[in-house]
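S.K.: Below is the structure, and that's it, no one-letter string:
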Ligand code: ASP
């Protein structure tokens, strides 16, 4: 079954082609039947006769036919193959389709999202989502290419691991071999990427999946998301920022040529100025909202700590591995934590946070102190983060990094309402997975093996 794509047919006028695809629509005009045949690349009009009458929409078919130029007055400029049509010579039905539960020939926004997610494999047949996923693929491909050219190595880090705090709840996975013990899914590769710096890799990146058990929010996908995660040794805040600017400017120009970046270099706005001027630490700096304008900015000089009133303790604003600014260390000594700023930078696009990073702490004593300020006892620090502190005692390069949220970035660039529109199989905001409808119960036997008993109430 050698398959050509439908989009190639306009270049094949006068030739007999073999096509495979789905019947997207069917129109009968007396003895003549027109169908639109659809494959991944687009649709094309096929002209047939009696033998087309028992076709239903969404049937999968093989068609052999002659590519013919359409008369001038019948050219359809709205589709890529609008200058031709195909005169069928042979047709085979490869699979019959039942009537589908949701239409797939429109943008789909008006359909209940739970139904769209239940039938995501049909939902993804629609042009809009197909295009979104294609652009996502190209975006990530160009990112990899850029990072490679800059000398960064893509290195995978574990998914079954130990808690790495980023301010959300952990997903935990029970261990069968050590009953009563649990792995945590990483909220980010943060600790491993820092360990890679200790190991001497100097320039790391990863298209990384991160797991965070966060409360539902309408424009979020529950549970997991994808980051471009980066770490570099012997670096500065400015160097990381220029790397990201160069990356985004280049890649957006290739993949989204219609988009215009408002200001290059991206403006840097201190946290307090953002709060005063824009009443937000995610400022939208566009003067008028034009969907083709991408207004990136950096928010810098964040306070290192925030007071958690409920828990009556200080917490790291970003994550506990972020270095305080050198000039603010005296405040740390004096216990004036609210005055300490962090060597941290967030990337904001059109009012959405799309990334964040920092220069890291590499002094084990300072790292221990930060954990203690956050309310951990010495014993807890040793238990939870002893491995990192020990690693830092064997020669650690100064380092820093960043992570960009790729789902959010694509959502904003594509002007979609939710990240779920740029992910193939997102979980619903309420936490049910697409199509497979997890979480679900497991057998008694499996629970026994894990040494787990479910509380009834
Ligand atoms: N690990 C951080 C995050 O996931 C990013 C970083 O600091 O590099 O937000």
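M.R.: On my side now, so go ahead. Given the structure is predicted, the values throughout are model-derived calculations rather than measurements.
S.K.: near the ligand, which residues of the stretch 51-200 of the chain?
M.R.: Listed as neighbours of the ligand in the stretch 51-200 of the chain under the rule Cβ under 6 Å from any ligand atom: 166, 188, 190. In this view, the C-beta of every residue, glycine as well, is placed from N, C-alpha and C.
S.K.: how does it look with 8 Å?
M.R.: Taking Cβ under 8 Å from any ligand atom, the part of the stretch 51-200 of the chain that reaches the ligand is made up of 164, 166, 187-190, 193.
S.K.: quick check, residue 46 in a strand?
M.R.: Yes. Assessed by DSSP: H, G, I helix; E, B strand; the rest coil, residue 46 belongs to a strand.
S.K.: Give the bridge partners for it, please.
M.R.: residue 35, residue 86 (DSSP bridges).
S.K.: secondary structure element for the residue in the stretch 101-250 of the chain positioned nearest to the ligand?
M.R.: Residue nearest to the ligand within the stretch 101-250 of the chain: residue 188 (3.4 Å; Cβ to the nearest ligand atom). Counting by DSSP states H and E, no helix or strand carries residue 188.
S.K.: Which residues are in contact with the residue in the stretch 301-450 of the chain positioned nearest to the ligand?
M.R.: Nearest residue of the stretch 301-450 of the chain to the ligand, counting by Cβ to the nearest ligand atom: residue 403, 3.6 Å away. By Cβ atoms under 8 Å, 6 or more residues apart in numbering, the residues touching residue 403 are 188, 208, 227-230, 355-357.
S.K.: One more: residue 328?
M.R.: 304, 339-341.
S.K.: Now with 10 Å, please.
M.R.: 301, 303-304, 336-337, 339-343 (Cβ atoms under 10 Å, 6 or more residues apart in numbering).
S.K.: can you check residue 294 too?
M.R.: So residue 294 contacts 248-249, 252, 256, 259-263, 286, 349-350, 409, 412-413 (Cβ under 10 Å, 6+ apart).
S.K.: Show me which of these are buried.
M.R.: 248, 252, 256, 261-262, 349-350, 409, 412-413 (16 or more other Cβ atoms under 10 Å).
S.K.: Low-confidence ranges, this protein, go.
M.R.: Within the chain, the stretches with pLDDT under 70 are 1.
S.K.: that older thread, is it possible to export the contacts of residue 328 to CSV including neighbour count?
M.R.: Formatted as CSV, the contacts of residue 328 follow (neighbours: other Cβ atoms under 10 Å):
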residue, neighbour count
301, 19
303, 19
304, 28
336, 11
337, 17
339, 13
340, 23
341, 20
342, 23
343, 23
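S.K.: Inside helices: which ones of these?
M.R.: Members of the contacts of residue 328 lying in helices (criterion: DSSP state H): none.
S.K.: what two of the residues you listed are the furthest from one another?
M.R.: Greatest spatial distance in the contacts of residue 328: 336 and 343, 17.7 Å, computed using Cβ to Cβ.
S.K.: Please, where are all the helices along the stretch 201-350 of the chain?
M.R.: 237-255, 271-278, 329-333 (DSSP state H, counting those that start in this stretch).
S.K.: can you list these in CSV and add distance to residue 89?
M.R.: Putting the helices of the stretch 201-350 of the chain into CSV (distance: least, Cβ to Cβ, whole Å) gives the following:
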stretch, distance to residue 89
helix 237-255, 39
helix 271-278, 64
helix 329-333, 80
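S.K.: Rebuild the ones you listed as TSV, extending it with distance to the ligand.
M.R.: Output for those, formatted as TSV (distance: least, Cβ to the nearest ligand atom, whole Å):
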stretch	distance to the ligand
helix 237-255	9
helix 271-278	16
helix 329-333	20
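S.K.: most neighbours per residue, which of those helices?
M.R.: Highest mean neighbour count among these (mean count of other Cβ atoms under 10 Å): helix 237-255, with a mean of 17.
S.K.: Residue 114 is in what secondary structure piece?
M.R.: Assigned by DSSP H and E, residue 114 falls in helix 113-118.
S.K.: now swap in residue 104 and tell me
M.R.: Using DSSP H and E, residue 104 falls outside every helix and strand.
S.K.: Quick one: neighbours of it, just the number.
M.R.: Residues lying near residue 104 (other Cβ atoms under 10 Å) number 23.
S.K.: Residue 4 and the ligand: what is the separation?
M.R.: Distance, residue 4 to the ligand, using Cβ to the nearest ligand atom, to the nearest Å: 43 Å.
S.K.: Just give the closest residue to that residue, not the sequence neighbours.
M.R.: In space, and not counting its chain neighbours, residue 4 is closest to residue 17: 6.3 Å by Cβ to Cβ, 6 or more residues apart in numbering.
S.K.: wait, what's in contact with the one you found?
M.R.: Contact analysis of residue 17 by Cβ under 10 Å, 6+ apart lists 4, 6, 8-9, 44, 63-67, 86.
S.K.: Let me see the backbone angles for it.
M.R.: Per-residue torsions, residue 17: phi -120, psi 160 (degrees, to the nearest 10).
S.K.: and it, what are its bridge partners?
M.R.: residue 65.
S.K.: count of residues packed around residue 167?
M.R.: Using other Cβ under 10 Å, residue 167 has 14 other residues around it.
S.K.: what's it in contact with, if anything?
M.R.: For residue 167, the contact set (Cβ under 10 Å, 6+ apart) comprises 187, 212, 214, 306, 315-320.
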